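Participant: show me the folded form of this:
(one chain, ligands or ions: 1)
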Amino acid sequence: MVSTLKQVYRIVKLWLRERLKFFPAYPKTLNFDITYHCNSRCSMCNIWRHERTIEFSTDELRAVLSKRLFKKVEHVGLTGGEPSLRKDFPEIVDTLIESLPRLKSLSIITNCVSPVCSERIIQCLFERCQSTRIQFGLVLSMDGVGPYHDINRGVKGNYASLLSVIDFVKKKAIPFSLGYTITRNNLPSIYDALELARQKKWNIYFAIAEFIDRLNNQDCEAIQSFSEDERYELLLFFHKLMHDSHISTLYRRSYWKDFELLSGRERPIGCPYHKEGIVLSPTLEVGHCAVKGKIVGNAKDSSITRVFLKTWFSNKRHVKQFCENCFHYHYQRSSKEELTAVENKAVRRLISSENINGCLLLSRFLTRPNLQRFILIVGWYGTETVGDKAILGTVVNDYARQGYSIVIASIYPFITQRTQQELHLDAVIIKSESMDLIRYAKYAEKVVMGGGPLMDLYDLKYPLISFRISHKYHHENVIYGCGIGPVKSRYYADEIYRILALSDRVTLRDSDSVRLFKAKFPEKAVEQVEDPAIGFIKERAGLISRVSDGKTLACFFRKVPKEFSDGKEKWEDRLAEYVKSLVRQEKLTKVVLYSMHNFWVGNDDREYARYFKAKYFSDSEDGFTVEVDNSLSTVDNTIERMKSARMVLCMRFHSMLFAHTLGVDYRVVDYTNGGKINAFLKDHDCISRLVELPASISC
Ligand code: SF4
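Facilitator: Model prediction:
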């Protein structure tokens, strides 16, 4: 109760603050571009092209800061151009500290092109802040690992000079963050930078480059010119970051903003320039917003305070048209954020296995969606691997051929929307954790649990609720080619049995699952069918012709899930050893580590591949090369990769299923301790494909 009241209070306060923002206020946050000069040639900025002007002197600055307009400034960010190019930087800092009575924090961002210059201003600002007890902030620009940084920054050798400045600040125990501005040029390096920062324990922040008037960068082609694949890659990336509990709430709020904007929705969070920000240029011109604000006057003019407050409303109105789509990194709370949190919590309570009666009650009041004769597919869609995509392809095609419209419930709809595009599916996608699940389950002619295994998963509540509602309205519930297990928890075992009890038609993909089902429901009919993915793989493979290159080992590895990690000591060492021996034995010259899954929920295989390669291989081993393929994986490119290779080494269940269906030469490593991989090989009389990893390391 107390927490609900607190939440209501927070929302009302934020809402009022947002609504009252048209009342002029003295600024608290100053964005100060202290110079137009810059020694970088960044692909997202043209400030270095700015014509040389006479920039402010410290005497002028002192006079300006004594005005009423600056009396409430608490936070100052010193930027540019490159601030370290101001020779009088120490005097500027002194002037700010002396002139701003409420100053609480000072921060700088530097490009480290000249380590001497950067280190000079860092040391200076750090010491001044320490002696005056003002909070210190330092951001070093890092736009990629190695050449990616240099390309984005337009200066050869800048990555090396950045590393030397990092060494400097670390030795001096000066706190710092890295700021990564994402453009089309350095997008391929985002994961490398994140993983490097994690490894080194550096704090890193990612921001998407924005069109900023004062940087004169409207014609920079690298800004936000992402292809569909790149946009999707960024969605995956920001989704991962916004759910990473190791990252500060402030950063995660900004990553959520990036995710929403990339999804085509409005900026959901606030910005200091909505209410209390001010921008100052090197010629002391004044603006209201760091991104799109117009210059309203010069701070040297005696009337600047009056002009700033007078133009406050018209400028806010001008800027407002850009706010909804603005990527700028500021991360203030907003009433929308609070409301979203309340809404999500309420929906989570509603769509829960413990509230099935509530769902049934609610279903009475829900009206029919504007769709005739449709089926609802539920399962783990929204976290799909390439194998799950192939399953979905079969299920959708099957029912579409029977004349049904298709609705897919997805845990993460942006993932399934991508699958829909890839597979050219005609389907409506709804969010699993939403009232739509109840509505569509009520009116669907059939609810279909499509594909994946019925196993220990929090998300079992979606098939359970939709089956229960569909059952109430006398519609058909179908288990379509699923497996059963692994199931360790009693709670989830009960949920699985409840789902199976509500089913009207059951097909299962392996003999173990059929046995389990028959033991529990001897009165019900069940049929064993091939994994639904197989039909779709065959259909696509018929359209893709490739011949083996005779030299490549295509590996499809994954991180061993926690539930299978027992007894896997030295597992990776042995796997790496096996790869080496297989390459030697088959006289191969190339190993490529591919992926079947690109989403952090369920582990991105590419991350594991990068880790595996870095730990066990160099780019060029004795007689063969090792590569990680970081591209997004699809059904079609998985077929191409397997067909083009000389041999396929599988670990994910569906990588084995792909290889087996395609008829390529494959081996499989069973991480499931005799589970579904073993069951499949036995069912298909292919147990000789199973790899026995070497017991100990011989190299
Ligand atoms: S345009 Fe961007 S930086 Fe300017 S006020 Fe709006 S959200 Fe803030």
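Participant: average pLDDT for the helix or strand containing Phe680?
Facilitator: Using DSSP states H and E, Phe680 sits within helix 676-683. When pLDDT is averaged over helix 676-683, the result is 85.
Participant: tell me the buried residues in it?
Facilitator: Neighbour-count burial for helix 676-683 flags 676-681 (criterion: 16 or more other Cβ atoms under 10 Å). Yep, even glycine has a C-beta here, placed from its N, CA and C like the rest.
Participant: how close does the residue of the chain positioned farthest from its centre get to the ligand?
Facilitator: In the chain, the residue that sits farthest from the middle, by Cα atoms, centre = their mean, is Ser302; the gap is 48.6 Å. Using Cβ to the nearest ligand atom, to the nearest Å, Ser302 is found at 27 Å from the ligand.
Participant: am I right that that residue sits in a strand?
Facilitator: No: assigned with DSSP: H, G, I helix; E, B strand; the rest coil, Ser302 falls outside any strand and is coil.
Participant: for the stretch 251-400 of the chain, just list every one of the strands.
Facilitator: Using DSSP state E, counting those that start in this stretch, the strands assigned to the stretch 251-400 of the chain run over residues 277-280, 285-287, 295-298, 374-378.
Participant: just name the most buried of these.
Facilitator: With neighbours defined as mean count of other Cβ atoms under 10 Å, those peak in mean count at strand 374-378, which reaches a mean of 26.
Participant: by contact count, what packs against that strand?
Facilitator: helix 386-401, strand 405-410, helix 435-443, strand 446-450, helix 461-472 (3 or more Cβ pairs under 8 Å, 6 or more residues apart in numbering; DSSP states H and E).
Participant: repeat that with 10 Å
Facilitator: Of the remaining helices and strands, those touching strand 374-378 by 3 or more Cβ pairs under 10 Å, 6 or more residues apart in numbering; DSSP states H and E are helix 386-401, strand 405-410, strand 428-431, helix 435-443, strand 446-450, helix 461-472, strand 476-482.
Participant: quick check: mean pLDDT of stretch 193-206?
Facilitator: So the average pLDDT for stretch 193-206 ends up being 97.
Participant: and for stretch 52-72?
Facilitator: What stretch 52-72 shows for mean pLDDT is 94.
Participant: just the terminal-to-terminal distance for that stretch.
Facilitator: Criterion Cα to Cα, to the nearest Å; first-to-last residue distance in stretch 52-72 is 32 Å.
Participant: about what we covered before: CSV please, covering the strands of the stretch 251-400 of the chain and showing distance to the ligand.
Facilitator: What follows is the strands of the stretch 251-400 of the chain, written out as CSV (distance: least, Cβ to the nearest ligand atom, whole Å):
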stretch, distance to the ligand
strand 277-280, 7
strand 285-287, 10
strand 295-298, 14
strand 374-378, 38
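Participant: now render those as a markdown table, adding distance to Leu85 and mean pLDDT.
Facilitator: Converted to a markdown table, the strands of the stretch 251-400 of the chain look like this (distance: least, Cβ to Cβ, whole Å; pLDDT from 0 to 100):
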| stretch | distance to Leu85 | mean pLDDT |
| --- | --- | --- |
| strand 277-280 | 17 | 94 |
| strand 285-287 | 19 | 95 |
| strand 295-298 | 22 | 94 |
| strand 374-378 | 59 | 98 |
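Participant: got CSV for those strands, with distance to Cys323 too?
Facilitator: Listed next are the strands of the stretch 251-400 of the chain as CSV, based on distance: least, Cβ to Cβ, whole Å:
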stretch, distance to Cys323
strand 277-280, 12
strand 285-287, 15
strand 295-298, 18
strand 374-378, 38
